[in-house]
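[1] 3D model of this:
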Amino acid sequence: MTSSTIAPPWALDARQAVQAIRSGRLKAVDYVTALLARADTYSSLHAFISLEMESAIAAASRIDALTGNERARYPLAGLPIAVKANINVKGTRTCAGTPALAGFVAPTTAPTVTRLVEAGAIVLGKTNMHELAVGITSTNLAAHAGPVRNPYDRSKIPGGSSGGTAAALAARIVPAGLGTDTGGSTRIPAALTGTAGLRPSVGNGGAERRYRNEHDVVPISHTRDTVGPMARTAADLAFIDGIATGDTALPAIELARLRIGLPRDCWRQLDSAVEAIAHTARERLEQAGVTFVDVELTEIMSICERISLPIAFAELGDDVPAWLVANGAPVQTLGALAERIASPDVRRIYEATLAGTYAEAYPHAIQVLRPELQRRYASIFDTAGLDALLFPTTPLPAVDIDDIEGSAVVTIGNGEPIDEMAAYLRHTDPASVAGIPGLSIPAGLTPSGLPVGIEIDGPLGGDRRLLAIGIAFESVLGALPPPF
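    Numbers count the residues shown, from 1 in each chain. Model prediction:
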């Protein structure tokens, strides 16, 4: 079989693409060239801030020059990936979507990227994002970035802050990529674009942190930040995660043996279309043998509401300047960075941090309340004998882009108006604050054609089992049609 018989190459998932390249059925150069052409065709999505055309084609040429036996040594041979613009890749711009860093070229490469590239992956480009990752819409108002548009409806947000990677995946520009997640930034855009996103275990850092990339990612919060893989399926996430971490084993999953918690708090106050799709997904999984158990997260969500912002934005005040200095950035202080922020919603948060708004609440939040939150999560899994928790990733589908503020006020169903960021973080934030792993996979399309995601959260350190459950669930729920 020749490369011309694989059509169209952009439709291949990550595992299919690697298999085709390693077997010689598809030339890596042909594949990269096709994806670069697709990126140009759909440039109006603003998924990418920069494309690494020359280096990507050169890397693909090196893969093609290898013998078949040599290519077989590279588990990701010729796989193009997208990397969020706040993650260092040496020689490329790490701008984090903000004007003060627009021309900044990274001096290092993040360890996760290094592991993927050493396995044969090719960085196709750096993806657009919510400015400085402080938001969930990816409506970036910096002149060099622009608002990322949802491939399923270009008037809608793709979610954030890793919206560029998600949009590139949904548009079939790349088969896999990396985002970052502080409160939901891999999972929210995955849910809104019909793709899959993993927030890996973080715990209390140290050995509990699954992905280590200190000083190689523009930060928000060292307690909460993590790099996370993004793809179109849980199976591809497991593939990428295995290479990134060296942990490739996947446990066997029998649906009839799974015991899954349904947090009541995350199944209330939903958009009607989200509610219908989520309940259908639950019914199909139940018919496939999954046992569901109602659980209560009221106290967990209450604690999270009290400590989420103090932890994230108090740490931002120290972590961002440390990154600027460590990387030799063109600005060296938080104030200098904040002065040039383009998006009003992000600027307000930086101004609050500079004013010390969250400083007083931080010690109690990090020393007392967060450990209590973690204990409560562990107790829920242990006491009820749960394999995971299941709920809609977001309480509403994608909403219209607000290109004035960067985010807006929304309503869910007939409820009261709520801040857009708070609405989308409602379900994803608690696990993020606790440091446990979370996975979002597609669940269906609304009547208007917008994707809805369903999230599966697991106990600390249970990432591979969580991915295996996701693979089993997507075999029941099926894949979404591409947007075009």
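[2] just give the number of residues close to residue 367.
    Neighbour count for residue 367, taken as other CB atoms under 10 Å: 9. No exception for glycine: its C-beta is placed from N, CA and C like everyone else's.
[3] how close does residue 20 sit to residue 429?
    To residue 429, residue 20 is 39 Å away according to CB to CB, to the nearest Å.
[4] now the longest helix along the chain: mean pLDDT?
    The helix that spans the most residues within the chain, counting by DSSP state H, is helix 298-326. Helix 298-326 shows a mean pLDDT of 98.
[5] mind listing what's buried in that helix?
    300-301, 303-304, 307-317, 319-321, 323-324 (16 or more other CB atoms under 10 Å).
[6] so what does whichever helix or strand comes after that helix touch, helix or strand wise?
    For helix 298-326, the following helix or strand on the C-terminal side (DSSP states H and E) is helix 334-338. Here helix 334-338 touches helix 298-326, helix 344-354, going by 3 or more CB pairs under 8 Å, 6 or more residues apart in numbering; DSSP states H and E.
[7] tell me the buried residues in helix 334-338?
    Those would be 334, 337-338, for helix 334-338 by 16+ other CB under 10 Å.
[8] for the most centrally placed residue in the chain, give me its contacts.
    A centroid search over the chain (CA atoms, centre = their mean) returns residue 186, at 1.5 Å, as the residue closest to the centre. Contact analysis of residue 186 by CB atoms under 8 Å, 6 or more residues apart in numbering lists 162, 179-180, 197-199, 228-230, 440.
[9] could you rerun that using 7 Å?
    Contacts for residue 186 (CB atoms under 7 Å, 6 or more residues apart in numbering) come out as 162, 179, 197-199, 228, 230.
[10] kindly report the same for residue 9.
    26, 30-31, 34.
[11] and for residue 103?
    Residue 103 sits next to residue 93 when contact means CB under 7 Å, 6+ apart.
[12] what about the residue lying closest to residue 111 once chain neighbours are set aside, how many neighbours?
    Spatial nearest neighbour of residue 111, excluding adjacent residues (CB to CB, 6 or more residues apart in numbering): residue 213 at 5.7 Å. Using other CB under 10 Å, residue 213 is surrounded by 22 other residues.
[13] isn't residue 213 right up against residue 113?
    No. In this structure residue 213 lies outside contact range of residue 113 using CB atoms under 7 Å: 8.4 Å.
[14] phi and psi next, for residue 437.
    Dihedral pair for residue 437: phi -80, psi 150, per degrees, to the nearest 10.
[15] list the contacts of it.
    The neighbours of residue 437, taking CB under 7 Å, 6+ apart as the test, are 199-201, 457-458, 462-463, 466.
[16] against residue 35, how distant is residue 11?
    11 Å.
[17] neighbour count winner among those two?
    More crowded of residue 11 and residue 35, by other CB under 10 Å: residue 35, with 26 against 12.
[18] sec struct for that one, please.
    helix (DSSP: H, G, I helix; E, B strand; the rest coil).
[19] now residue 183
    Strictly by three-state DSSP, residue 183 counts as coil.
[20] ok, now which ones touch it?
    Applying CB under 7 Å, 6+ apart, the residues contacting residue 183 are 308, 425, 428-429, 432.
[21] kindly recompute the last result at 10 Å.
    133-136, 161, 199, 220-221, 224-225, 304, 308-309, 312, 421, 424-425, 428-433 (CB atoms under 10 Å, 6 or more residues apart in numbering).
[22] next one: residue 52
    36, 58-59, 80, 83, 89, 91-93, 122-126.
[23] which stretches of the stretch 301-450 of the chain have low pLDDT?
    Scanning the stretch 301-450 of the chain with the threshold set as pLDDT under 70 gives no residue ranges.
[24] same check, this time on the stretch 101-250 of the chain
    Using pLDDT under 70, nothing in the stretch 101-250 of the chain is flagged.
[25] span of stretch 39-48 from start to end?
    This stretch, stretch 39-48, spans 8 Å end to end (CA to CA, to the nearest Å).
[26] okay, buried residues for it please.
    Neighbour-count burial for stretch 39-48 flags 39, 42, 45-48 (criterion: 16+ other CB under 10 Å).
[27] am I right that residue 124 is in contact with residue 54?
    No. Counting by CB atoms under 10 Å, no contact exists between residue 124 and residue 54, whose distance comes to 11.7 Å.
[28] more neighbours, the two?
    Using other CB under 10 Å as the criterion, residue 124 and residue 54 rank with residue 124 on top: 28 against 8.
[29] find the nearest non-adjacent residue to that one, please.
    Nearest non-adjacent residue to residue 124, counting by CB to CB, 6+ apart: residue 80, 4.2 Å away.
[30] and what of residue 366?
    residue 311 (5.9 Å).
[31] swap in residue 126?
    In space, residue 126 is closest to residue 85, 4.4 Å off (CB to CB, 6+ apart).
[32] I'd say that neighbour and residue 177 touch.
    No. The pair residue 85 / residue 177 is not scored as a contact, 11.4 Å apart, by CB under 10 Å.
[33] quickly list what's touching both of the two.
    125, 127, 162, 164-165.
[34] what is the burial count for the closest residue to residue 306 other than its chain neighbours?
    Once flanking residues are discounted, residue 306 sits nearest to residue 369: 6.3 Å by CB to CB, 6+ apart. Residue 369: 18 surrounding residues under other CB under 10 Å.
[35] got the contact list for residue 369?
    Residues near residue 369 by CB under 10 Å, 6+ apart: 303-304, 306-307, 310-311, 361, 433.
[36] can you tell me the helix or strand for residue 464?
    helix 463-477.
[37] and that helix, how far out from the chain's middle?
    17 Å (CA atoms, centre = their mean, to the nearest Å).
[38] which parts of that helix are buried?
    Judged by neighbour count (16+ other CB under 10 Å), helix 463-477 contains these buried residues: 463-474, 477.
[39] one more: stretch 433-440?
    433-440.
[40] between its first and last residues, how far does it reach?
    End residues of stretch 433-440 are separated by 17 Å (CA to CA).
[41] give me the distance between residue 339 and residue 333.
    Distance of residue 339 to residue 333, computed by CB to CB: 10 Å.
[42] ditto for residue 371
    32 Å.
[43] cool, and residue 246?
    To residue 333, residue 246 is 38 Å away according to CB to CB.
[44] what of residue 283?
    54 Å.
[45] so which of those two has more stuff around it?
    For residue 283 versus residue 333, the count of surrounding residues by other CB under 10 Å is larger for residue 333: 14 against 11.
[46] contacts only, for the more buried one.
    Counted by CB under 10 Å, 6+ apart, residue 333 has contacts 320-321, 324-325, 339, 354.
[47] please apply the same query to residue 475.
    233-235, 253, 255, 288.
[48] would you put the C-alpha positions of the helix holding residue 464 in PDB?
    Provided in PDB are the C-alpha atoms of helix 463-477 (Å, rounded to 0.1, in the frame of the first residue of the first chain):
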ATOM      1  CA  ASP A 463      -4.500   7.700  35.900                       C
ATOM      2  CA  ARG A 464      -3.900   4.600  33.800                       C
ATOM      3  CA  ARG A 465      -7.000   2.900  35.200                       C
ATOM      4  CA  LEU A 466      -9.000   6.100  34.600                       C
ATOM      5  CA  LEU A 467      -7.800   6.100  30.900                       C
ATOM      6  CA  ALA A 468      -8.800   2.400  30.600                       C
ATOM      7  CA  ILE A 469     -12.300   3.200  31.900                       C
ATOM      8  CA  GLY A 470     -12.500   6.100  29.400                       C
ATOM      9  CA  ILE A 471     -11.600   3.700  26.600                       C
ATOM     10  CA  ALA A 472     -14.300   1.300  27.800                       C
ATOM     11  CA  PHE A 473     -16.900   4.000  28.000                       C
ATOM     12  CA  GLU A 474     -16.100   5.500  24.600                       C
ATOM     13  CA  SER A 475     -16.600   2.000  23.100                       C
ATOM     14  CA  VAL A 476     -20.200   2.300  24.300                       C
ATOM     15  CA  LEU A 477     -20.800   5.900  23.600                       C
END
